[in-house]
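S.K.: Generate a structure from the sequence data that follows.
(chains A, B, C, D, E, F, G and H)
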There are 8 protein chains.
Amino acid sequence: MTEKNLLELLRGYKNNLVDEREILARLKNLQLEAVENIGFANIDHNRELRQGFPEVIYAAGKTKEQVKEIFKRLYERSDGNLIATRASREKFEFLSEEIPAAQYNDAAQMIYVDRKKIVRDESRTILILTAGTSDLPVAEEARLTAYLFGNAVKIFHDCGVAGIHRLFAHIKDIQQASVIIVVAGMEGALASVVGGLTDKPIIAVPTSVGYGASFNGLAALLAMLNSCAAGVSVVNIDNGFGAAVVASKIVKLV
Amino acid sequence: MTEKNLLELLRGYKNNLVDEREILARLKNLQLEAVENIGFANIDHNRELRQGFPEVIYAAGKTKEQVKEIFKRLYERSDGNLIATRASREKFEFLSEEIPAAQYNDAAQMIYVDRKKIVRDESRTILILTAGTSDLPVAEEARLTAYLFGNAVKIFHDCGVAGIHRLFAHIKDIQQASVIIVVAGMEGALASVVGGLTDKPIIAVPTSVGYGASFNGLAALLAMLNSCAAGVSVVNIDNGFGAAVVASKIVKLV
Amino acid sequence: MTEKNLLELLRGYKNNLVDEREILARLKNLQLEAVENIGFANIDHNRELRQGFPEVIYAAGKTKEQVKEIFKRLYERSDGNLIATRASREKFEFLSEEIPAAQYNDAAQMIYVDRKKIVRDESRTILILTAGTSDLPVAEEARLTAYLFGNAVKIFHDCGVAGIHRLFAHIKDIQQASVIIVVAGMEGALASVVGGLTDKPIIAVPTSVGYGASFNGLAALLAMLNSCAAGVSVVNIDNGFGAAVVASKIVKLV
Amino acid sequence: MTEKNLLELLRGYKNNLVDEREILARLKNLQLEAVENIGFANIDHNRELRQGFPEVIYAAGKTKEQVKEIFKRLYERSDGNLIATRASREKFEFLSEEIPAAQYNDAAQMIYVDRKKIVRDESRTILILTAGTSDLPVAEEARLTAYLFGNAVKIFHDCGVAGIHRLFAHIKDIQQASVIIVVAGMEGALASVVGGLTDKPIIAVPTSVGYGASFNGLAALLAMLNSCAAGVSVVNIDNGFGAAVVASKIVKLV
Amino acid sequence: MTEKNLLELLRGYKNNLVDEREILARLKNLQLEAVENIGFANIDHNRELRQGFPEVIYAAGKTKEQVKEIFKRLYERSDGNLIATRASREKFEFLSEEIPAAQYNDAAQMIYVDRKKIVRDESRTILILTAGTSDLPVAEEARLTAYLFGNAVKIFHDCGVAGIHRLFAHIKDIQQASVIIVVAGMEGALASVVGGLTDKPIIAVPTSVGYGASFNGLAALLAMLNSCAAGVSVVNIDNGFGAAVVASKIVKLV
Amino acid sequence: MTEKNLLELLRGYKNNLVDEREILARLKNLQLEAVENIGFANIDHNRELRQGFPEVIYAAGKTKEQVKEIFKRLYERSDGNLIATRASREKFEFLSEEIPAAQYNDAAQMIYVDRKKIVRDESRTILILTAGTSDLPVAEEARLTAYLFGNAVKIFHDCGVAGIHRLFAHIKDIQQASVIIVVAGMEGALASVVGGLTDKPIIAVPTSVGYGASFNGLAALLAMLNSCAAGVSVVNIDNGFGAAVVASKIVKLV
Amino acid sequence: MTEKNLLELLRGYKNNLVDEREILARLKNLQLEAVENIGFANIDHNRELRQGFPEVIYAAGKTKEQVKEIFKRLYERSDGNLIATRASREKFEFLSEEIPAAQYNDAAQMIYVDRKKIVRDESRTILILTAGTSDLPVAEEARLTAYLFGNAVKIFHDCGVAGIHRLFAHIKDIQQASVIIVVAGMEGALASVVGGLTDKPIIAVPTSVGYGASFNGLAALLAMLNSCAAGVSVVNIDNGFGAAVVASKIVKLV
Amino acid sequence: MTEKNLLELLRGYKNNLVDEREILARLKNLQLEAVENIGFANIDHNRELRQGFPEVIYAAGKTKEQVKEIFKRLYERSDGNLIATRASREKFEFLSEEIPAAQYNDAAQMIYVDRKKIVRDESRTILILTAGTSDLPVAEEARLTAYLFGNAVKIFHDCGVAGIHRLFAHIKDIQQASVIIVVAGMEGALASVVGGLTDKPIIAVPTSVGYGASFNGLAALLAMLNSCAAGVSVVNIDNGFGAAVVASKIVKLV
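M.R.: Sure, this is the predicted structure:
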């Protein structure tokens, strides 16, 4: 409900078109009308207005029937791009029978619909850097999300600090980007080094890549949280999606 | 053994119907007569008298033969509802050959028998709230358990704090419930927010839903234990069953 | 603001006593009027109405000036009992200069005012059991909180499972209590054993009592979360206060 | 060394004013000339040019003599604001004998010099929210850092989710801020709730405030990393300084 | 090499039958002659003499070829009972083609040869208690190991503290046993309770049975290490084998 | 109450000297008569009969008044040796004013009374080995406990594996002891090495001695639990007392 | 680019063969010319010059297409030995279609090309010791890496401390080796014992071999980091490759 | 005992100067004669012969009397340099009364005697790099140890990756050193970056420097273990001493 709707409601009440009981009930439920309750889910059709991007489906832990149903409702009631993350190819195939416009990205494990005409502004680019090729799936989740959210995105792989000149090759891109997403597993040192080279905000994504004592990304996570280069903030392990959302919110400010 | 039995025994001894050696042995074993020993298990047929609900079978780590055997004994010697938690469909199918009355709930992974006539008291409702659809299986374990234990249960899914008005839509139910079970993964913030809205006891169930640093539910568990809203107590990760038992015990008091 | 106030506001608007801009602003702020903002704190004078007990001050991490100021505001605008937890004696002494009615409990480290006439209902008793004498300070925090919240409270110390007959001595009290708070450090086994003896809800409080691998209460916390006796829920380590609030909420239902 | 300096050097070499050996050495050391080596520290006088703010001294683990010496060098060779974080009052007093312009903030434990004339742009405000008064010291570190870096800063304390209307009172500020820093201990739920209310980037700072199982901020840290509201990124526990730097970098983009 | 061999060697040297170089080499290698090196393994044929039981094969992480080869060598050079733990049925089947005397225990996942005539002394019984039927596989590993090592063993299943009278039914056996092995998952409270009932040494085996926050046995492990009943010592999670060896060593002393 | 007392009671009832109500009450409280309730503690005067040694006071977390009171009661109602562990010298001094027979051991931090005439049997010796001199306080707690419990004890310090011949110097004592307590911090390897040299049960005590990643004894604890030498069981970190109790229980069997 | 190339570039610029813009660009990219960018990877063809061994492919987390492509590029542009670690047999088979010279080692899970003529210097041997046969795969990764890097390597398996004379059998090899790699799981005590026997540097590799509380190698890792024998340094869990690289770097110094 | 002593003993036996019983006893104790047992410690006077450096005293957890006594014995029976690590100034002052030659280093917390004439070989230098000035105490422990062990040592402070050109200033020293010790807290990225720049072995020392989620050095420890640059091995947190010993052992090989 917008402010305009609220005024109409109040005026209706003033003019005796709406009685006291009704207006009381409505006022208590202001924002709820855009929520579609389908039993196992409450679809939030207003999410885009409130947070700047549509509700995204987290497919892990949902049945393929649930994913399809939620996706369909969003598909029908909006005209924006749509995303389901952590979705298996099997879920995609089940869903695409009904929504042929849906596409699938294997590396990112994302189902998506790319239908919105967007002019991407190259002067406000999100740059994604990965430490190694094994970090590619997480980076791809970030790249595709940022792209579908309407951003210009650039990505360079395999710039880890074991060969630091590979990173320095991209120094110009690093300095021209608006925001930088650093995707790294193992010791995650790339985030600190990039942080020392630029005055742009850096979003660090630890990945679960590594030998035993990476403890599925814990090592990189802690390293990034402890970055000696200030200006680095961190999202969850392997959460390329989350990093892209943070970056999008920042770029939207510019 | 009841107090009445005990008195009979003492009088028998007084009247020389029971000799000293026997009464000594019996006194040491008071409660044990209701325990049926079948080798790999000690079935506790008195559990309902002592704790207010029948022995429930934890099927994980037991063979299908063991689960069937214990279930059968409980089925035959009681007339209450029966539950086996954490049971695969395979175990159910093996068991149902012999106990056709048994049913299976896929989401909850529970085998159960629902045979007791119970009038559920709507004025003492257990309300279950989930943060997201991925928390549904754990919530379903809680719902079905609470239902079979004889309670009125209400459940709303997908009320997480990322769209907090979805929660506020249920404010009346929250205020009218006797007890509230909050099922949430990721950061588990729902428990705290609900805790701030009501004076009813809240039982929080952390779930293992989430990206890497949820560490299989540890993040939600710690968050719920640290809830800034007092009045929240916590059960084990993914333990919908346990939450339902706590809630049932509370409702029984009312 | 109560529902009655809301109706008055709406009627005022209808009768042109309140203009549109004002009512819009007021409707957005409904509950906020009871919040007193004193810069470093937002005192919530409505907490009692909403959650059934007054705002309690968590004194750790606050300066003595802050604790005194918040306490004073609550003292002046309410007539209920008041509590500040985790408060050093030094903070108490600083505060009591201005609020002579304040008292201090050394074991519990609580500052409190006990001024409300309450008839405590013995038929709805909260029973507190500790495993050992070293758990006494945490239990005392629970006892005093529950008492000031208006409950009848009974407490037995040193009933740990190493001498299990000491526990069995209290079997009648265990069976007659409405709710039981079990306070235990080390391996926290007392919660499970009590859980097996009663059909009442049990709130387990792990304490930081123990040798090295208790890891400041982690061992007891995990043990209590994994209790094989269903019906046990858990609060934070050493959080006697939290346990008392949960217990109070339950007893209020009865 | 700037690009201009580099060209001069090359032209000097071309015109035989600089010989081969010298230019080789210089080219290898490009940026190093702005580094002042004082034995126990390498002071980076170019940090402001490269990262947009001067080198900040992390005083923990340094002797008071070391802190004073580094501070003095920065004070003399720059004209910007200066900061030493995690500094005891004792270190401040030792230092201020020599640098009377230095000030101290007790809550934030920061030594600073505030000498730069800055017109702060209110339309690009950094908003800081704390969950409770005990989080104030960390928030104060963030506030003072952001202020000295030249930003307009607004701060509201004690808005935790246990009384969620206290947060809603600030909804307008939340929606008008450019970036929001959320400072919260215990379960850190505030970050998720704010994240659900706005499309602005949120920087979450977990604090070490809480009972036992907060494990010195680990609970809040994990909760924030797992925020169900996308758009939240996280810095180290109690790292108000780091959050302010990230926020400053973002605001600088706008 | 025994002391007798050593004397012969010295006398041989004295009588010039053994020269200096040889005796020097031999003295440095005393015990090594009983070690059979087969490349990927050093089989220790003297283990029984030194530690009181034969070398036992830990089959996890070894190929089926390696397990068979080591087993065969032990089989041929000794006449004692033989054990391979953590062995899959597949490894057993591969091995039994060549060693038909080998048997397999599915629950315990052990390959074994039981060929030694042993008169088991009932007056020195090892008693094994499990908390629940799901702990049976670990208990079976303990039982079979202790049996093959020559001990009298008694086992009772499903005596957990949720129904503590089931434990008290075995009080006589508890008091008559020489050593007690307690096998329990979840919160592992059984070890403490048994520890309070007897003056016999108790070896506690935590199992990985339990819901999420059992963290694969960590909860039970910590609980047992923190047992408030002194006289409890602990072996590794799920290590029924290790408990049996400790118990055997103790019984051998009697 | 002994079996003899129980028979007297039954006969009294039979002969009408004891009426039904009384005997019912008494039977429910059998063992409780030896428990002395002094409010903050339940002193268990029967502990020696049941577990083979008197109740030992864990002084940590108790006030000096509490320690003194419990000690005094035990002192007066028994004639055995007495122990309070983890007791500061200050607590000792407060206590010794009233109980001049009490002594104090600084290294072990134990208050004790040594008044029982015991002939220690050298053929059943408990051997204590420490890895380094820094482990001495824990070993001293073990030694003094074992001694006061009536055992012959031998102790060798500083036998760690960094100079393994220092250990081999004690090989004869290792082979002649009945039980061996190994006290080691850092990596705790000594337990495994000793375990490989003897067929006697080994009780390993990890200590909190070590650099950073010993994590206050966690490293040694995990190492000892994973000992490749079977026959090693483990007690809590720094728990010399617990190890001595286990060892005493074993030696009592011999 | 070598120093020689750099001088040529400078002279070219001086002689007007290279213009200012070009030399500026080249100077910023010095080392980058040897990096081959193939989109998903930046192949570092200069790694051998800089670090003494060629780039090694970490195959985990890469698709078989990616592994093959990177391998092929390295194969074509160098003439050294090549390695891909953590590679499944399936990846090997896919790759070997195109590079028939590639070989596979099942235990080590390595794809490699062994084509460089190397005279291995036996006087500078790397000695590898394993605690048990289950550690063999990790040791094999170390052995094959060290061998392909051009070292003389010796390996002894199954020397764990449970039978310490098996270790002493190799004392001469231990004293003659240049560097020793100790591969051990469980409690990892072998590293400390070897560390006490020699003055050579020891590289300890913890393995994930062990029962529950080895926590996938954490126990051995912590133990090795806490070795009481100085002179032991540690690499990641199961990281045989890393240990071999460290050892090779050391031997290269000799 | 040296080989020469052993031959003498054997010949003495052959010539009937030594009888059988004596030689048997001596052979069992070969190395033990150099061990001086002073009750609470076994001083290993042969450590230098066996491991290349004298026994070093770990003073933490020892009383000042113990430290002085062990130091004195070593001082009197050797003529080498001596070290006690982790020693407070108070322990030093107590010791220096008796051993005036002893010196103290406050930053390193080391007591030492520097009396051996050593010509340090500059061509085999150990280079120590620290990330920040707060890492200085740990680096100082490493520097002083390496120096007293006879090495040429070079140290550069404050080269962390937040200003990576500060590191590149030392590139020549990095390439000319024999071994490099990298001392870094926070995220410890310096080790990886240095590892990518050189073919020399790197010993990484994580320090406990950092904000909350450094968890006292755990973050840096894990990061260093997961270094993407191979050739890095790691010692315990804050263990400058251990790093120096590893480096010394390596340099001795050269």
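
S.K.: Tell me which residues of the helix or strand where A:Ile111 lies come out buried.
M.R.: Per DSSP states H and E: A:Ile111 is located in strand A:110-113. Neighbour-count burial for strand A:110-113 flags A:Met110, A:Ile111, A:Tyr112, A:Val113 (criterion: 16 or more other Cβ atoms under 10 Å in any protein chain shown). Where C-beta positions appear, they are placed from N, C-alpha and C, glycine not excepted.

S.K.: contacts with chain G among the residues you listed, please.
M.R.: Filtering these for proximity to chain G by Cβ under 8 Å from any Cβ of the partner chain leaves nothing.

S.K.: and A:Leu167, what does it touch?
M.R.: Contacts were defined as Cβ atoms under 8 Å, 6 or more residues apart in numbering or on different chains; by that measure A:Leu167 touches A:Leu129, A:Cys159, A:Gly160, A:Val161, A:Leu190, A:Val193, A:Val194.

S.K.: Toward the C-terminus from the helix or strand harbouring A:Ile181, list the very next helix or strand.
M.R.: Using DSSP H and E, A:Ile181 falls within strand A:179-184. Next along the chain after strand A:179-184, taking DSSP H and E as the criterion, comes helix A:189-197.

S.K.: how about the closest residue to A:Ser248 other than its chain neighbours, what does it touch?
M.R.: Leaving aside its sequence neighbours, A:Ser248 sits nearest to A:Phe149 (Cβ to Cβ, 6 or more residues apart in numbering or on different chains; 4.5 Å). When contacts are counted by Cβ under 8 Å, 6+ apart, A:Phe149 touches A:Phe53, A:Asn81, A:Ala244, A:Val245, A:Ser248.

S.K.: Also A:Glu90?
M.R.: Contact analysis of A:Glu90 by Cβ under 8 Å, 6+ apart lists A:Lys64.

S.K.: What ranges does the stretch 101-250 of chain A have for its helices?
M.R.: A:136-148, A:164-168, A:171-176, A:189-197, A:218-225, A:240-253 (DSSP state H, counting those that start in this stretch).

S.K.: Would you mind finding the most buried of these?
M.R.: Mean neighbours per residue, mean count of other Cβ atoms under 10 Å in any protein chain shown, is largest over the helices of the stretch 101-250 of chain A for helix A:218-225, with a mean of 32.

S.K.: and the angle from it to helix D:218-225?
M.R.: Angle, helix A:218-225 to helix D:218-225, by axes from the mean of the first three to the mean of the last three Cα atoms, to 10 degrees: 90 degrees.

S.K.: Tell me where the model's unsure across the stretch 1-150 of chain A.
M.R.: Residues of the stretch 1-150 of chain A meeting the criterion pLDDT under 70: A:1-6, A:24-34, A:49-52.

S.K.: Would you pull up the residue in it closest to chain G?
M.R.: In the stretch 1-150 of chain A, the residue that lies nearest chain G is A:Ser134 (3.1 Å; Cβ to the nearest Cβ).

S.K.: likewise the stretch 151-254 of chain A?
M.R.: A:Gly212 (2.6 Å).

S.K.: Now do the contacts for the residue lying closest to that residue once chain neighbours are set aside.
M.R.: In this structure, A:Gly212 finds its nearest non-sequential neighbour in G:Ile237, 2.6 Å apart by Cβ to Cβ, 6+ apart. Shown in contact with G:Ile237 (Cβ under 8 Å, 6+ apart): A:211-213, G:205-208, G:216-218, G:220-221, H:225.

S.K.: Kindly indicate which of the residues you listed lies nearest chain C.
M.R.: Chain C has its nearest neighbour among the contacts of G:Ile237 in G:Leu218, at 14.8 Å by Cβ to the nearest Cβ.

S.K.: right, and that closest one touches F:Leu222 too?
M.R.: Yes. Taking contacts as Cβ atoms under 8 Å, G:Leu218 lies within contact range of F:Leu222: 6.7 Å.

S.K.: on that earlier part again, count the neighbours of the residue of the stretch 151-254 of chain A closest to chain G for me.
M.R.: 25 (other Cβ atoms under 10 Å in any protein chain shown).

S.K.: Any figure for the gap between it and chain E?
M.R.: Relative to chain E, A:Gly212 is positioned 14 Å away (Cβ to the nearest Cβ, to the nearest Å).

S.K.: do the same with A:Ala230
M.R.: A:Ala230 sits 35 Å away from chain E, going by Cβ to the nearest Cβ.

S.K.: What separation do you get for the residue nearest to that residue when sequence neighbours are not counted and A:Gly188?
M.R.: Counting by Cβ to Cβ, 6+ apart, A:Ala230 lies nearest to D:Val245, which is 3.8 Å off, once chain neighbours are set aside. Using Cβ to Cβ, to the nearest Å, one obtains 18 Å as the distance from D:Val245 to A:Gly188.

S.K.: Same check on A:Glu69?
M.R.: Relative to A:Gly188, and taking Cβ to Cβ, A:Glu69 is found at 38 Å.

S.K.: Turn the contacts of A:Leu167 into a markdown table, including distance to chain G.
M.R.: Compiled in a markdown table, the contacts of A:Leu167 are given as follows (distance: Cβ to the nearest Cβ, whole Å):
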| residue | distance to chain G |
| --- | --- |
| A:Leu129 | 11 |
| A:Cys159 | 6 |
| A:Gly160 | 9 |
| A:Val161 | 12 |
| A:Leu190 | 13 |
| A:Val193 | 15 |
| A:Val194 | 15 |
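
S.K.: all strands for chain A, in order.
M.R.: Applying DSSP state E to chain A gives strands spanning A:35-37, A:42-44, A:57-58, A:82-85, A:103-105, A:110-113, A:125-130, A:152-156, A:179-184, A:202-206, A:232-234.

S.K.: among the ones you listed, which is nearest chain H?
M.R.: Across those, closest to chain H is strand A:179-184 (Cβ to the nearest Cβ), at 8.3 Å.

S.K.: Mind giving me the packing neighbours of that closest one?
M.R.: strand A:125-130, helix A:136-148, helix A:189-197, strand A:202-206, helix A:240-253 (3 or more Cβ pairs under 8 Å, 6 or more residues apart in numbering or on different chains; DSSP states H and E).

S.K.: Can you report how many residues lie near the residue in the stretch 1-150 of chain A positioned nearest to chain B?
M.R.: Residue nearest to chain B within the stretch 1-150 of chain A: A:Gly61 (3.1 Å; Cβ to the nearest Cβ). Residues lying near A:Gly61 (other Cβ under 10 Å) number 19.

S.K.: Assess the claim that it and B:Ala131 are in contact.
M.R.: No. The pair A:Gly61 and B:Ala131 fails to qualify as a contact (Cβ under 8 Å) at a distance of 11.5 Å.

S.K.: quick one on the thing from earlier: of the contacts of A:Leu167, closest to F:Asn37?
M.R.: When the contacts of A:Leu167 are ranked by distance to F:Asn37 (Cβ to Cβ), A:Leu190 comes first, at 64.2 Å.

S.K.: In contact with the closest one, which residues?
M.R.: A:Leu190 makes contact with A:Leu129, A:Ala131, A:Cys159, A:Gly160, A:Val161, A:Leu167, A:Val182, A:Ala184, according to Cβ under 8 Å, 6+ apart.

S.K.: Quick check on those: which are buried?
M.R.: For the contacts of A:Leu190, buried by 16+ other Cβ under 10 Å: A:Leu129, A:Ala131, A:Cys159, A:Gly160, A:Val161, A:Leu167, A:Val182, A:Ala184.
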